[in-house]
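1. I would like the atomic coordinates for the input below:
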Amino acid sequence: MKLVGLTGGIGAGKSTVSARLRERGAVIVDADAITRELQEPGTEVFAAMVARFGDGILAPDGTLDRQAVAAVVFNDPDELVALNSIVHPAVGKEIFRRIQERIGTDDVVVLDVPLLGKNGLYQVAGVLVVDTPIETAVQRLVELRGMDEADARARIANQISREERVAGADMVIDNSGAPGDLDAQIDAAWDWIESLPDWAP
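-> Reported below is the predicted structural model:
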């Protein structure tokens, strides 16, 4: 099994690259998707979040209102720490479980996470970073996700810098152009992944 990390800032197009790798046969372990699953009503994480932050984080249908959660934690470091202490351990445990399911296979497993270092918890063999200029990312967030421009810029500013992210990369995918411009880069990334050592627990 090959285990690689995939990361990139908001609006960089990480999900597009992830989808391209999935088309090649990669197994995607998506931290954001796992987080959403673990925050569904009836889960321990959901119950802990409601106990900590109150019913104000719920939508009328009883599910989590993610915008309301963001409003609580985005500008309050203490509340963000509280949220992370509830969510991150559960997500980490589930990510590790999914990785372990693939041990002994020939799978390429891509760990798709917002923030990842090569020598982090999962000991990935390499880190792919999807990179795009900040202005391009802002434009995408406004046009494709309907974000307010000021909100988009604030969210980008709240992440680690583009320079820091690229500095931690073993391979960078430039996603500043059209989707078709990714083809050759995905080919190169796949060849690189296949050259990496197998994951050892």
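2. all contacts plus neighbour counts: C-alpha atoms, from now on.
-> OK.
3. Can you check my assumption that P41 lies in a helix?
-> No: membership of P41 in a helix is not supported by DSSP: H, G, I helix; E, B strand; the rest coil, which gives coil.
4. Could you confirm V4 falls within a strand?
-> Yes: V4: assigned to a strand according to three-state DSSP.
5. For it, list each beta-bridge partner.
-> Note on V4: beta-bridge partners by DSSP bridges are V110, G126.
6. Can you list the neighbours in contact with the helix or strand containing K93?
-> Assigned by DSSP states H and E, K93 belongs to helix 77-100. If you take C-alpha atoms under 8 Å, 6 or more residues apart in numbering as the criterion, helix 77-100 is touched by 29, 31, 34-35, 38, 45, 48-49, 72-74, 109, 122.
7. how far does that helix sit from the chain's center?
-> 13 Å (C-alpha atoms, centre = their mean, to the nearest Å).
8. need the helices for the chain, in chain order.
-> 14-23, 31-38, 44-53, 66-73, 77-100, 134-145, 149-157, 162-167, 183-194 (DSSP state H).
9. Contacts only, for W199.
-> Contacts of W199 by C-alpha under 8 Å, 6+ apart are M1, K2, L3, Q123, V124, A125.
10. Relative to P197, how far out is the residue located most distally from the centre of the chain?
-> The centre of the chain is farthest from one residue, P60, which by C-alpha atoms, centre = their mean lies 27.4 Å away. Noted for P60: a distance of 49 Å to P197, by C-alpha to C-alpha, to the nearest Å.
11. ok, back up a step: need the max-distance pair from the contacts of W199.
-> Maximum pairwise distance among those (C-alpha to C-alpha): 12.8 Å, between M1 and Q123.
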